[in-house]
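Novice: with the input below, show me the fold.
(2 chains)
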Number of protein chains: 2
Amino acid sequence: MAFYLIGIDGGGTSCRAAVAALDGRVLGRGKAGAANILTDPETALQNITDAARRAFEDVGLDPTGIAASRAIVGVAGHNVGDAVHYVKRRLPFAAADIESDGLIALQGALGNGNGAVAILGTGTIYIARRGDEVSYIGGWGFTIGDHGSGARIGHALLQESLLAYDGIHEGSALTDSVLAEFNNDPRDIVDFARLAKPGEFGRYAPRVFEYADRGDPVALVLLKAAAATVDEALDVVVSRGSRKLCLLGGLAPLYRRWLADRHQPCFVEAEADALTGAVALAAARFGSHSGVPA
Amino acid sequence: MAFYLIGIDGGGTSCRAAVAALDGRVLGRGKAGAANILTDPETALQNITDAARRAFEDVGLDPTGIAASRAIVGVAGHNVGDAVHYVKRRLPFAAADIESDGLIALQGALGNGNGAVAILGTGTIYIARRGDEVSYIGGWGFTIGDHGSGARIGHALLQESLLAYDGIHEGSALTDSVLAEFNNDPRDIVDFARLAKPGEFGRYAPRVFEYADRGDPVALVLLKAAAATVDEALDVVVSRGSRKLCLLGGLAPLYRRWLADRHQPCFVEAEADALTGAVALAAARFGSHSGVPA
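Specialist: Now for the predicted structure:
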């Protein structure tokens, strides 16, 4: 029986799907809501299914064909065992593997080549591939890791604004702008920070880049400290053999020029996006060259 | 009608009370459970009352005299308006003011003199007094402040242990000890950190001091960074006129030798504890020299 391949790129705000032929050629695409298997597996399952159905409809295929298809599902939280097993058993496909959102991003960015991706967004994680070996560095989350991430940069800015308020550090136009936003009342900053999720801290990160471009002294200190954490993680990736480095995530275009000269020659543009990476992994694992009988 | 003065030192783990004559001379003491007016005002009220009753019983006074007494209640969270009003209206005394735990500590440490206290415990805060003016620096809590606190030092140690695990920073015997405690599994550290309260992070702080004393390189980096945050806060206090600095809190004896040479000549020992400070404030406000009619 003929079947199709499906790639899924599931994220915290939306889930994208692509349906492809057995050689990995993409035929159609679809999109649905968030797919966070850790915090809301039922909604994730529904949105994965909806995105796949829309991809089938996009190209005029009968969506009942989903049940015969084989899929790679890339999601955050893939390494939390219970959630993966729960979701994997309930996926609507004939066969599927759940992989990390980072791995499908790496596959999309570098194709089958060796190298590493640095995902610089609300969080940070570094993923390197050398032959069949994939290694992860960082990515431990906002509370205790994710150095250099948007969430950490935003958090550092709020913290620095309080230090400026207290006269412990020099303030600047940047910290003034934050204090003004919170009515020049440090308690309002504390109240915000106590309940803020990483994404809410992260909303302050672009402002740090913007002020650093104008030479704001506090922005420069914060950004250089953040860039140093990215540089030292890239040093580890390079020391383990990665010669190609691809910066991904919302902060990647902002970060590049702030990173160390020693890394600049290694930076490459992504060949394709994470959804394409998921399809490529599906083709390699279940497609016409995979050795899996059709 | 004759009445007594009461001083209360209410904390997150216990509440202490002293009953005193109108000239501030302490007659008896009592102790009860936690008094956190912010998180649990009813229990705080009960424990404040119990501690006062035990102080009366300690010296053979009839506890019904509590209702005629006048008190200074020193507690954390004193600056959160709603909780203060709620608790103040329900206190069992004829008259009472609620003050910060920091202010009663300062009064105990410095008596009526000018100067500042640095409270270095699970959190950090600096309180300076010059004449009638009292100013607070720092103390914004673990999430966005409390630099140099036990909670921040412990948090930094766990973070550093993950960086060592990833090969991003050099590890040491100190980070090895943390990783071993978490089964060399970074996910166990992440799970702990996600739910840990400041006090739970703070339990790791003494270990950093201990390893620094032995010359552990990671401990030295973490401790010097923490001490620098204390030194720069003390700089502000000194720049505003404080010539006497008193270090208080659980980390004070550990910290002293790590602080900058420029501050060492200013350090003084506390004259008395916070409970004594609460009694002294009660005597000044309600006692025989206060101008309040007995």
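Novice: from here on, just use CA atoms for contacts and neighbour counts.
Specialist: Will do.
Novice: quick one: pLDDT of A:G77?
Specialist: We note a pLDDT of 64 for A:G77 in this prediction.
Novice: ok, now the one 3 residues further on?
Specialist: Looking at A:V80, its pLDDT is 58.
Novice: ok, the one 10 residues further on next?
Specialist: pLDDT, the model's per-residue confidence, is 94 for A:R90.
Novice: which parts of the stretch 101-250 of chain A sit against chain B?
Specialist: Contact residues of the stretch 101-250 of chain A with respect to chain B, defined by Cα under 8 Å from any Cα of the partner chain, are listed as A:137-138, A:140-141, A:143-145, A:155, A:158-159, A:162-163, A:166-168, A:187, A:190, A:193-194, A:232-233, A:235-236.
Novice: among these, which ones are buried?
Specialist: Of the members of those, the ones counted as buried by neighbours, 16 or more other Cα atoms under 10 Å in any protein chain shown, are A:137-138, A:140-141, A:143-145, A:155, A:158-159, A:162-163, A:166-168, A:190, A:193, A:233, A:235-236.
Novice: go through those residues and flag which are in helices.
Specialist: Residues of those located in helices (DSSP state H): A:155, A:158-159, A:162-163, A:190, A:193, A:233, A:235-236.
Novice: how about JSON lines for those, with pLDDT added?
Specialist: Rendered in JSON lines, the data for those read as follows (pLDDT from 0 to 100):
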{"residue": "A:H155", "pLDDT": "97"}
{"residue": "A:L158", "pLDDT": "98"}
{"residue": "A:Q159", "pLDDT": "97"}
{"residue": "A:L162", "pLDDT": "96"}
{"residue": "A:L163", "pLDDT": "97"}
{"residue": "A:V190", "pLDDT": "91"}
{"residue": "A:A193", "pLDDT": "92"}
{"residue": "A:A233", "pLDDT": "97"}
{"residue": "A:D235", "pLDDT": "97"}
{"residue": "A:V236", "pLDDT": "96"}
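Novice: pick the one among the residues you listed closest to B:A270.
Specialist: Top of the list for closeness to B:A270, among these and by Cα to Cα, is A:L163 at 27.1 Å.
Novice: how about that closest one: what's its closest non-neighbour residue?
Specialist: Using Cα to Cα, 6 or more residues apart in numbering or on different chains and skipping residues adjacent in sequence, the residue nearest A:L163 is A:H169, 5.4 Å away.
Novice: near the one you found, how many other residues are there?
Specialist: Using other Cα atoms under 10 Å in any protein chain shown, the number of residues around A:H169 comes to 16.
Novice: now the helix or strand harbouring A:D50 - C-alpha only, PDB.
Specialist: Per DSSP states H and E: A:D50 is located in helix A:41-58. Extracted C-alpha coordinates of helix A:41-58, given in PDB (Å, rounded to 0.1, in the frame of the first residue of the first chain):
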ATOM      1  CA  PRO A  41      -0.200  16.800  25.500                       C
ATOM      2  CA  GLU A  42      -3.900  16.500  24.400                       C
ATOM      3  CA  THR A  43      -3.900  19.900  22.700                       C
ATOM      4  CA  ALA A  44      -0.500  19.000  21.200                       C
ATOM      5  CA  LEU A  45      -2.000  15.800  19.700                       C
ATOM      6  CA  GLN A  46      -5.000  17.600  18.300                       C
ATOM      7  CA  ASN A  47      -2.800  20.300  16.700                       C
ATOM      8  CA  ILE A  48      -0.400  17.800  15.200                       C
ATOM      9  CA  THR A  49      -3.300  16.000  13.700                       C
ATOM     10  CA  ASP A  50      -5.000  19.200  12.400                       C
ATOM     11  CA  ALA A  51      -1.700  20.500  10.900                       C
ATOM     12  CA  ALA A  52      -1.200  17.100   9.100                       C
ATOM     13  CA  ARG A  53      -4.800  17.100   7.800                       C
ATOM     14  CA  ARG A  54      -4.400  20.600   6.500                       C
ATOM     15  CA  ALA A  55      -1.200  19.600   4.700                       C
ATOM     16  CA  PHE A  56      -3.100  16.800   3.000                       C
ATOM     17  CA  GLU A  57      -5.900  19.100   2.100                       C
ATOM     18  CA  ASP A  58      -3.400  21.700   0.800                       C
END
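Novice: so the spatially closest residue to A:G138 that is not a sequence neighbour: helix, strand or coil?
Specialist: Distances taken as Cα to Cα, 6+ apart put A:I125 closest to A:G138, at 5.1 Å, once the chain neighbours are dropped. In three-state terms, and counting by DSSP: H, G, I helix; E, B strand; the rest coil, A:I125 is strand.
Novice: now for whichever residue of the stretch 151-294 of chain A sits closest to chain B: which residues touch it?
Specialist: Nearest residue of the stretch 151-294 of chain A to chain B: A:Q159, at 5.2 Å (Cα to the nearest Cα). Remark: with contacts taken as Cα atoms under 8 Å, 6 or more residues apart in numbering or on different chains, A:Q159 is in contact with B:144-145.
Novice: so A:D185 makes contact with A:L179?
Specialist: Yes: contact between A:D185 and A:L179 holds when scored by Cα atoms under 8 Å: they sit 7.0 Å apart.
Novice: in terms of neighbours, single out the busier of the two.
Specialist: Neighbour count, other Cα under 10 Å: between A:D185 and A:L179, A:L179 has more, with 20 against 13.
Novice: how far off helix A:41-58 does the worst-scoring helix or strand of chain A on mean pLDDT point, in degrees?
Specialist: Evaluated with mean pLDDT, DSSP states H and E, the helix-and-strand set of chain A has its lowest mean pLDDT in helix A:81-90, which scores a mean of 84. With axes from the mean of the first three to the mean of the last three Cα atoms, to 10 degrees applied, the angle from helix A:81-90 to helix A:41-58 works out at 40 degrees.
Novice: can I get the helix or strand that helix A:81-90 is followed by as PDB, trimmed to CA atoms?
Specialist: Past helix A:81-90, further along toward the C-terminus, the next helix or strand under DSSP H and E is strand A:95-100. Output in PDB follows, covering the C-alpha atoms of strand A:95-100 (Å, rounded to 0.1, in the frame of the first residue of the first chain):
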ATOM      1  CA  ALA A  95       4.600   4.900  12.300                       C
ATOM      2  CA  ALA A  96       6.300   7.900  13.900                       C
ATOM      3  CA  ASP A  97       9.300   8.900  15.900                       C
ATOM      4  CA  ILE A  98       9.400  11.900  18.200                       C
ATOM      5  CA  GLU A  99      12.600  13.900  18.000                       C
ATOM      6  CA  SER A 100      13.800  17.200  19.500                       C
END
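Novice: can strand A:95-100 be said to contact chain B?
Specialist: No: Strand A:95-100 lies out of reach of chain B by Cα under 8 Å from any Cα, never closer than 15.8 Å.
Novice: packing partners of that strand?
Specialist: strand A:70-75, helix A:81-90 (3 or more Cα pairs under 8 Å, 6 or more residues apart in numbering or on different chains; DSSP states H and E).
Novice: strand partners (parallel or antiparallel) of it?
Specialist: Taking DSSP bridges as the criterion, strand A:95-100 sits next to strand A:70-75 (parallel) in its sheet.
Novice: residues contacting the strand it pairs with, please?
Specialist: Counting contacts by Cα under 8 Å, 6+ apart, the residues touching strand A:70-75 from outside are A:3-11, A:35-37, A:93-104, A:278-279, A:281-282, A:286.
Novice: mind running it again at 7 Å?
Specialist: Here strand A:70-75 makes contact (Cα atoms under 7 Å, 6 or more residues apart in numbering or on different chains) with A:4-11, A:93-101, A:104, A:278-279, A:281-282, A:286.
Novice: what does stretch A:14-29 give?
Specialist: When contacts are taken as Cα under 7 Å, 6+ apart, the neighbours of stretch A:14-29 outside the stretch itself are A:4-10, A:30-35, A:47-48, A:51-52, A:54-56, A:58-59, A:279-280, A:283, A:287-288.
Novice: which parts of it are buried?
Specialist: Of the residues in stretch A:14-29, those with enough neighbours to count as buried (16+ other Cα under 10 Å) are A:14-24, A:26-29.
Novice: next one: stretch A:241-260
Specialist: Under the neighbour-count rule (16+ other Cα under 10 Å), stretch A:241-260 has A:242-249, A:251, A:255, A:258-259 buried.
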